[in-house]
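Got a predicted model here, sequence first, then my questions.
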Amino acid sequence: MIVEKEYTEGRTTFLSADIEHYAGNQRQLTTDLPVFYNPRMCVNRDLSVLFTSAYTEKNSLREICEPLAGCGVRTLRYLNECPGDFHAVSSDANPHAVEMIRKNIERLGFQERATVKRGDAKVLLLTESRDTRFDFVDVDPFGTPAPYMTAAVQSLNPRRALLGLTATDMPVLCGAQPRIALRKYGGLSIRAPFSHELAVRLLIGRTFSIAAMNDSAVSPLACLSTDHYIRIWLDVRTSCTDSNAQTRKIGFVLYCQGCMATQFLPLGLASTKDGFEHQRANCTGRLSLAGPLWMGELYDSSLLDTAHRMLSENLNMYHPRVPKLLEAMRQECSLTDNIYVDLHALCDLHGLQSPSIMRIMSSLKEAGYEVSRTHFRPTAIRTTAPVRELVEIVKHS
């Protein structure tokens, strides 16, 4: 018999296996729990509820699916906290998890709006969408979403749908295992001060590739990088014309370890590094190539603005970190053509003391450059200033 405990997230109270009882002194949760629930992913779920709610202002949801549900908290929160009377399909391969999901659905009175299945996630996505395609699919695995992405894309409503993907295999995506990244995500990862942004762009790039093979285009709505994982929200729709145009947004990032210069490189130019502009006199630093990956936008400003309004109306419902993360996303939204610069890494490279970030940002604005904070890293900024100009400003700040 499973030892249960009642938990609360947002406005939703639910049952799951008692983490303290089963995890004991282990610092990391594992899939050995009889029913999996990770409270540290609360911010992920908070933002997912918020962005899904914002998405429904312009797009109706009739059928949603969470194929790797664990205790079902994510689906329960969508049903309980998001606008609309959509139907949810929730599943897990673990029979104990399926039993727990059903119990939670009955406790909250959602029997008419939810279907619970036991089985393989990939099979479920394709079979359950045979009659009615899903308007929203949320893939939140323990590790990589790669094995489920094709089935997830093919199960979506071709007219328009929302796709949420979480990845927790950060060593792969952040350069520690570049060949595995190539195998799973279709692009090489590298070690760099901005590796978490590369991780997001690799995941979006892989999703675009799968969607494009199915005559669909993708539009990033938001992304999240925090703690030990990344998360993306994408609008997916059938359009060969848009998908063809988006191939221009697939390419590489070229990075110099000697001067921290970065450059997006379209696919057609990947064989040459002649035009790379170093940001340090006589720099002979090694150039690293990451990708192919997504070079385009990372956010939709309209969705972020709607989410911000909804957040202000229900501020106490979300984790205290959510407002700060969302505000940073709104600030950096228009500057994602410029990969973020970690100021601590830049100062370490040039032997400089790290001044106040606010002072550096003020100096950049006075010099006529655009600049913002980024949610990716508290010590980083996005700016239109070249790295060499940023170094000079840091020196005199």
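Good, I have the coordinates.

Which residues are in contact with Arg201?
Contact partners of Arg201, counting by Cβ atoms under 8 Å, 6 or more residues apart in numbering, are Val253, Gly291, Leu293, Trp294, Met295, Leu298. All C-beta spots, glycine's among them, are computed from the backbone N, C-alpha and C.

at 10 Å what do you get?
For Arg201, the contacting residues are 173, 185, 187, 189, 194, 220, 223, 230, 232, 249-251, 253, 264, 290-296, 298, 336, 339, taking Cβ atoms under 10 Å, 6 or more residues apart in numbering as the criterion.

likewise Asn94?
So, once contact is read as Cβ under 10 Å, 6+ apart, Asn94 ends up touching Thr31, Leu33, Pro34, Val35, Phe36, Leu68, Ala69, Gly70, Cys71, Met100, Ile101, Arg118.

can you rerun that using 6 Å?
Taking Cβ atoms under 6 Å, 6 or more residues apart in numbering, we find Asn94 in contact with no residue.

Repeat that for Pro83.
Each residue near Pro83 by Cβ under 6 Å, 6+ apart is listed here: Ser53, Thr56.

And the pLDDT at it?
The predicted local confidence for Pro83 comes out at a pLDDT of 96.

for it, phi and psi?
phi -60, psi 150 (degrees, to the nearest 10).

in the protein, which segments are predicted with low confidence?
Low-confidence regions of the chain, defined here as pLDDT under 70, cover residues 25-31, 268-275.

for the residue nearest the centre of the chain, what are its contacts?
Residue closest to the average C-alpha location in the chain (Cα atoms, centre = their mean): Arg231, at 1.9 Å. Applying Cβ under 6 Å, 6+ apart to Arg231 gives the contacts Asn44, Thr166, Leu224.

all strands of the stretch 251-397 of the chain, in order?
Taking DSSP state E, counting those that start in this stretch as the test, the strands found in the stretch 251-397 of the chain are 262-266, 287-294, 341-342, 371-373, 380-383.

With the stretch 101-250 of the chain instead?
114-118, 136-139, 161-167, 216-226, 229-238, 250-256.

okay if I get those as a markdown table plus distance to Lys324?
Converted to a markdown table, these look like this (distance: least, Cβ to Cβ, whole Å):
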| stretch | distance to Lys324 |
| --- | --- |
| strand 114-118 | 33 |
| strand 136-139 | 24 |
| strand 161-167 | 20 |
| strand 216-226 | 11 |
| strand 229-238 | 16 |
| strand 250-256 | 27 |
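
With respect to Asn244, which of the ones you listed lies nearest?
The minimum distance between Asn244 and the strands of the stretch 101-250 of the chain falls on strand 216-226, with 8.6 Å, by Cβ to Cβ.

which strands and helices sit next to that closest one?
The contact analysis (3 or more Cβ pairs under 6 Å, 6 or more residues apart in numbering; DSSP states H and E) places strand 216-226 against helix 195-213, strand 229-238, helix 240-246.

buried sites along the longest one?
To tie it back to what came earlier, the one meant is helix 195-213. Taking 16 or more other Cβ atoms under 10 Å as the basis for neighbour counts, the residues of helix 195-213 that come out buried are 195-212.

likewise stretch 338-355?
Judged by neighbour count using 16+ other Cβ under 10 Å, the buried positions of stretch 338-355 are Asn338, Ile339, Tyr340, Val341, Asp342, Leu343, Ala345, Leu346, Cys347, Leu349, Pro355.

Pick out whichever of those residues sits closest to Met149.
Each of the buried residues of stretch 338-355 was checked against Met149 using Cβ to Cβ; the closest is Ile339, at 24.3 Å.

residues contacting the closest one?
Listed by Cβ under 6 Å, 6+ apart, the contact set of Ile339 reads Phe194, Glu197, Thr262.

Please repeat the previous calculation with a cut-off of 10 Å.
By Cβ under 10 Å, 6+ apart, the contact list for Ile339 reads 192-194, 197-198, 201, 253, 255, 262-264, 295, 374, 376, 380, 382.

what do you get for Gln111?
Under the criterion of Cβ under 10 Å, 6+ apart, the contact list for Gln111 reads Arg102, Ile105.

now with 7 Å?
Each residue near Gln111 by Cβ atoms under 7 Å, 6 or more residues apart in numbering is listed here: Ile105.

and if you look at Asp169?
Residues near Asp169 by Cβ under 7 Å, 6+ apart: Gly143, Thr144.

cool, Thr56 as well?
Applying Cβ under 7 Å, 6+ apart, one finds that Thr56 lies in contact with Cys82, Pro83, Gly84.

Output these as JSON lines; include the columns distance to Leu364.
Listed next are the contacts of Thr56 as JSON lines, based on distance: Cβ to Cβ, whole Å:
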{"residue": "Cys82", "distance to Leu364": "39"}
{"residue": "Pro83", "distance to Leu364": "40"}
{"residue": "Gly84", "distance to Leu364": "43"}
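
Just give me the neighbour total for Ile180.
15 (other Cβ atoms under 10 Å).

Is it correct that Ile101 is in contact with Val116?
Yes - applying Cβ atoms under 7 Å as the test, Ile101 and Val116 come out as touching, 5.0 Å apart.

So between these two, which is more surrounded?
In this view Ile101 and Val116 are compared by other Cβ under 10 Å, and Ile101 has more residues nearby, 30 against 22.

and that one, how far is that from Asn38?
Distance, Ile101 to Asn38, using Cβ to Cβ, to the nearest Å: 16 Å.

now Pro147
Distance, Pro147 to Asn38, using Cβ to Cβ: 20 Å.

which neighbours do Ile101 and Val116 share?
Counting by Cβ under 7 Å, 6+ apart, the common neighbours of Ile101 and Val116 are Ser90.

give the contact list for Thr226.
Each residue near Thr226 by Cβ under 7 Å, 6+ apart is listed here: Val43, Leu325.

Which ChimeraX command selects the buried ones in the contacts of Arg201?
Buried members of the contacts of Arg201, defined by 16+ other Cβ under 10 Å, are picked up in ChimeraX with:
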select :173,185,187,189,194,220,223,230,232,249,250,251,253,264,290,291,292,293,294,295,296,298,336,339
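
dump the residue contacts of Tyr318.
For Tyr318, the contacting residues are Gly10, Asp46, Leu50, Leu311, taking Cβ under 7 Å, 6+ apart as the criterion.
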